[in-house]
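1. my questions are about this predicted structure, shown below with the sequence.
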Amino acid sequence: MAKILGIDPGSRITGYGLIQFAGNKIDYIHAGCIRTGSGSLPQRLKAIFDGICEVIEDYSPQEVAIEEVFMGRNAASALKLGQSRGSAMTACLHHDLPVAEYSARQVKQAIVGVGAADKVQVQHMVKAILSISGNITEDAADALAIAICHANTQTTLIRMAGAKSFSRKRLHR
């Protein structure tokens, strides 16, 4: 059984979500957002670092999954996003947690089945997968989606490793 922290980084709002998974069973633990306010960028990066550290200390995840930077049209925004992501990753590494990275397309493909899904579709599927009846913010839903993507990826890798070892045994007979 593993507890996974998913992180959707942002310089103003960083979403986080925690799930627990074992085999094919995924359970919702908690989700929320770190709102950094309107201070200077260094102050906001510190708020992200401190907020992620607090989540880690409160919930003790064993693994972390974070979204990769998406390069849009605005290079300045991508740089700020990268710095926010770095701050969150540093908080995780400060607590000696392994960090996996996934593109937005990989996450959407894992959750909705379509790499070009919109945020509403992702939010709907996350609520359905985790049996969440109340509302969750888009940023928290994205973070939960990243955690679910990681859980599914780990499960698939384990199955593939088992299948490869099985097929090797059969080949040597």
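-> Great, that's in hand.

2. which parts of the protein are helices?
-> With helices called from DSSP state H, the chain shows them at 41-59, 75-94, 104-111, 119-129, 138-171.

3. so which of these is nearest residue 24?
-> Proximity to residue 24 (CB to CB) singles out helix 138-171 among the helices of the chain, at 7.1 Å. The C-beta positions use only the backbone N, C-alpha and C, and glycine is treated the same way.

4. about what we covered before: please identify the most buried of the helices of the chain.
-> helix 104-111 (a mean of 20; mean count of other CB atoms under 10 Å).

5. what mean pLDDT does that helix have?
-> Mean per-residue pLDDT for helix 104-111: 93.

6. where does pLDDT dip in this protein?
-> The chain contains residues with pLDDT under 70 at 71-72, 155-173.

7. recalculate using a threshold of 90.
-> Applying pLDDT under 90 to the chain flags the ranges 1, 22-24, 38, 69-78, 113-119, 153-173.

8. wait, which of the helices of the chain is closest to residue 9?
-> Proximity to residue 9, assessed across the helices of the chain by CB to CB, is greatest for helix 75-94 (4.1 Å).

9. what angle do the closest one and helix 41-59 make?
-> Calculated by axes from the mean of the first three to the mean of the last three CA atoms, to 10 degrees, helix 75-94 forms an angle of 40 degrees with helix 41-59.

10. for helix 75-94, the distance to its chain's centre please.
-> Helix 75-94 sits 14 Å away from the centroid of its parent chain (CA atoms, centre = their mean, to the nearest Å).

11. could you do stretch 142-155 as well?
-> Distance of stretch 142-155 from its chain centroid, counting by CA atoms, centre = their mean, is 6 Å.
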